[in-house]
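**Q** My questions are about this predicted structure, shown below with the sequence.
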Amino acid sequence: MDSVRLPLRPTYPIRTERLLLRPFVESDFDAVLDMQSRTEFVRYLMWDVMDREAVASFIGRRVRQTSIEAEDGALVVAITVPPSDRVVGEIMLRLSSATHRQGEIGWSLHPDAQGHGYATEAAR
């Protein structure tokens with residue numbers, strides 16, 4: 001079995017047919033606050049609605065999650081729909097076990113961006 005090659009450092013931005021996936025930046029604050037302050041957005045996430053202070057801390061973490069350096073590492077990138085650079089969601093890759101070649105993928109999308117196939121396209 002092939003081993004997992006680490007670190008995983010994608011070249012950004014990643015372009016798909018309709019999307020641009022890129023690292024988070026501090027100026028994404030308003031878009032992230034708009035999502036994270038909605039009950040319907042966080043319903044199935046592992047945290048509750050966020051206020052401004054929590055979103056600032058959240059973005060600070062996301063800005064640094066651009067590569068997977070070791071087992072149990074994760075990368076999380078912003079999903080945008082060009083030509084706008086406004087964040088409509090995020091997609092995450094996590095390496096759970098290099099030995100067993102297991103990982104997970106997850107995403108969250110603004111309610112207005114759901115139902116357009118963006119999560120499927122970003123995951124591919």
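**A** Arrived safely. Since the structure is predicted, the reported quantities are computational estimates derived from the model, not experimental observations.
**Q** and the next element down the chain from the longest helix seen in the chain?
**A** If each helix of the chain is counted by residues according to DSSP state H, the longest one is helix 52-64. Moving toward the C-terminus from helix 52-64, the next helix or strand (DSSP states H and E) is strand 74-80.
**Q** so how far is that following strand off the chain centroid?
**A** Remark: strand 74-80 is offset 3 Å from the chain centroid, using C-alpha atoms, centre = their mean, to the nearest Å.
**Q** Equivalent analysis for stretch 93-104, please.
**A** Using C-alpha atoms, centre = their mean, the offset of stretch 93-104 from its chain centre is 17 Å.
**Q** before we move on, what about stretch 63-82?
**A** With C-alpha atoms, centre = their mean, you get 6 Å for stretch 63-82.
**Q** again, but for stretch 100-109
**A** 11 Å.
**Q** again with stretch 93-112
**A** For stretch 93-112, the distance to the chain centre is 10 Å (C-alpha atoms, centre = their mean).
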